[in-house]
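J.: pasting the structure only:
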């Protein structure tokens, strides 16, 4: 992750823009620079001897309890580097990735429970095991508390010989989850459910349905948001196969949007949105979570199809009216012909009578 640290005021905006990034857990990073002096490093969970194969650090601790943990920092570059070490509160982004607060933001939860050295110097191609301590406050609330431990370096970006430098902090870290012992309450709320049918302008093509909603973790343990949408004889699962799991820490809220294609407008569509998040113990055992079901009623007016029917009806009426008018005209002409014939016959009879 990149964050601005100490920069000229005139370039604060540029530093903030350059600071966007994600904290990989665990991962390797690289700070900007020329190839010969580029800094590259990784951070992984470890024990006293080195990397231990974990992808994150998780512990269940009682209020007031302390525990020592370790990370290993590897210098993958070609020069000696002094890495700054830090801990901060953790959270999940809308993209489902774990991150930690920037260095200019104050931690108020698990990030403040971690004590570690300020920095560590590591030679080129070498690694160092860094111990740190997690101390849970006596008044800590039961449940999951997330933090991150990171190693970072500060690089300088500039444009032109006279440009002012912009400090950019690049960091790589690991996820640290502390579950404070006590009553575990997995709970959530589904809010702001919205469903709409989108009509295709062509009367010969179906439309689509969009269902959007928010899920908020109202309990005290993290959970993976999951469920399915049933509508128009279709079942759409979320997350879909291959998609990243959407993890919600306690208090976090996430927006979801589901798209269902090829849905014909049938005046009224009904369906069900089922949300069934998954929570588990630190050992991986699944915890019971109630399922929430929201009934959906969607108006799906077939306007293009109705316009097509009205257009066809108008054409049929026009053809019928023209046919009626033509028949009436023909009947009128025939009537006129009959009348002329009758009149001519009467005139002829009169002339014959006068002649006699």
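T.: Sure, I can see it. Nothing here was measured: the structure is a model prediction, and the numbers come from that model. Numbering: from 1, shown residues only.
J.: and residue 330, helix, strand or coil?
T.: What DSSP: H, G, I helix; E, B strand; the rest coil gives for residue 330 is helix.
J.: just give the number of residues close to it.
T.: 10 (other Cβ atoms under 10 Å). The C-beta positions use only the backbone N, C-alpha and C, and glycine is treated the same way.
J.: which strand or helix spans residue 261?
T.: strand 253-263 (DSSP states H and E).
J.: what pairs with that strand, and is each one parallel or antiparallel?
T.: Strand 253-263 pairs in its sheet with strand 207-217 (antiparallel), by DSSP bridges.
J.: before we move on, back to that, and the strand holding residue 261, what's buried?
T.: Judged by neighbour count using 16 or more other Cβ atoms under 10 Å, the buried positions of strand 253-263 are 254, 256, 258, 260, 263.
J.: now for these: which two are most distant?
T.: Farthest-apart pair in these is 254 and 263; separation 25.0 Å (Cβ to Cβ).
J.: find the least confident helix or strand in the protein, judged by mean pLDDT.
T.: Least confident helix or strand of the chain, by mean pLDDT, DSSP states H and E, is helix 12-18 with a mean of 33.
J.: how about TSV for the buried residues of strand 253-263, with pLDDT added?
T.: What follows is the buried residues of strand 253-263, written out as TSV (pLDDT from 0 to 100):
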residue	pLDDT
254	94
256	94
258	95
260	95
263	94
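J.: quick check: of these, which lies closest to residue 273?
T.: For these, the nearest to residue 273 is residue 258 (8.1 Å; Cβ to Cβ).
J.: report the beta-bridge partners for the closest one.
T.: Following DSSP bridges, residue 258 is listed with bridge partners residue 211.
J.: if we can go back for a sec, now the angle from whichever helix or strand comes after the strand holding residue 261 to strand 207-217?
T.: As assigned by DSSP H and E, the chain's next helix or strand after strand 253-263 is strand 267-275. Orientation of strand 267-275 against strand 207-217 (axes from the mean of the first three to the mean of the last three Cα atoms, to 10 degrees) gives an angle of 30 degrees.
J.: residues contacting whichever helix or strand comes after strand 267-275, please?
T.: As assigned by DSSP H and E, the chain's next helix or strand after strand 267-275 is strand 279-280. Under the contact criterion Cβ atoms under 8 Å, 6 or more residues apart in numbering, strand 279-280 has outside partners 186, 219, 221, 222, 223, 224, 286, 287, 289.
J.: now strand 279-280: average pLDDT?
T.: For strand 279-280, mean pLDDT is 92.
J.: what does stretch 199-210 give?
T.: On average, stretch 199-210 scores 94.
J.: how about stretch 43-56?
T.: 96.
J.: list the buried ones in that stretch?
T.: Buried residues in stretch 43-56, counted by 16+ other Cβ under 10 Å: 43, 44, 45, 46, 51.
J.: what sits closest to the third one if chain neighbours are left out?
T.: Here the nearest residue to residue 45 in space, its sequence neighbours aside, is residue 54; by Cβ to Cβ, 6 or more residues apart in numbering that works out to 4.0 Å.
J.: quick revisit: list only buried entries from the contacts of strand 279-280.
T.: Buried members of those, scored by 16+ other Cβ under 10 Å, are 186, 219, 221, 222, 223, 289.
J.: pop out the phi and psi values for the third one.
T.: Residue 221 has phi and psi values of phi -130, psi 150 when expressed as degrees, to the nearest 10.
J.: what do you get for the last one?
T.: Residue 289 adopts backbone torsions of phi -130, psi 130, taken as degrees, to the nearest 10.
J.: rewinding a little: would you turn the buried ones among the contacts of strand 279-280 into TSV with distance to residue 82 and pLDDT?
T.: Below are the buried ones among the contacts of strand 279-280 laid out as TSV (distance: Cβ to Cβ, whole Å; pLDDT from 0 to 100):
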residue	distance to residue 82	pLDDT
186	43	95
219	42	96
221	38	96
222	34	95
223	39	95
289	46	93
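J.: ok, these vs residue 64, which is closest?
T.: Using Cβ to Cβ, the buried ones among the contacts of strand 279-280 come closest to residue 64 at residue 221, 20.2 Å.
J.: ok, that closest one touching residue 288?
T.: No. Using Cβ atoms under 8 Å, residue 221 makes no contact with residue 288, being 11.7 Å away.
J.: quick check: neighbours shared by these two?
T.: residue 186.
J.: circling back: how far does the strand holding residue 261 sit from its chain's centre?
T.: Offset of strand 253-263 from its chain centre (Cα atoms, centre = their mean, to the nearest Å): 10 Å.
J.: show me what it is in contact with.
T.: In contact with strand 253-263 (Cβ under 8 Å, 6+ apart) are residues 94, 191, 197, 206-217, 225, 229, 231-232, 234, 236, 238, 246, 248, 269, 300.
J.: any of these buried? List them.
T.: Here, 16+ other Cβ under 10 Å leaves 197, 207, 209, 211, 213, 215-217, 225, 229, 231-232, 236, 238, 246, 248, 269, 300 buried among the contacts of strand 253-263.
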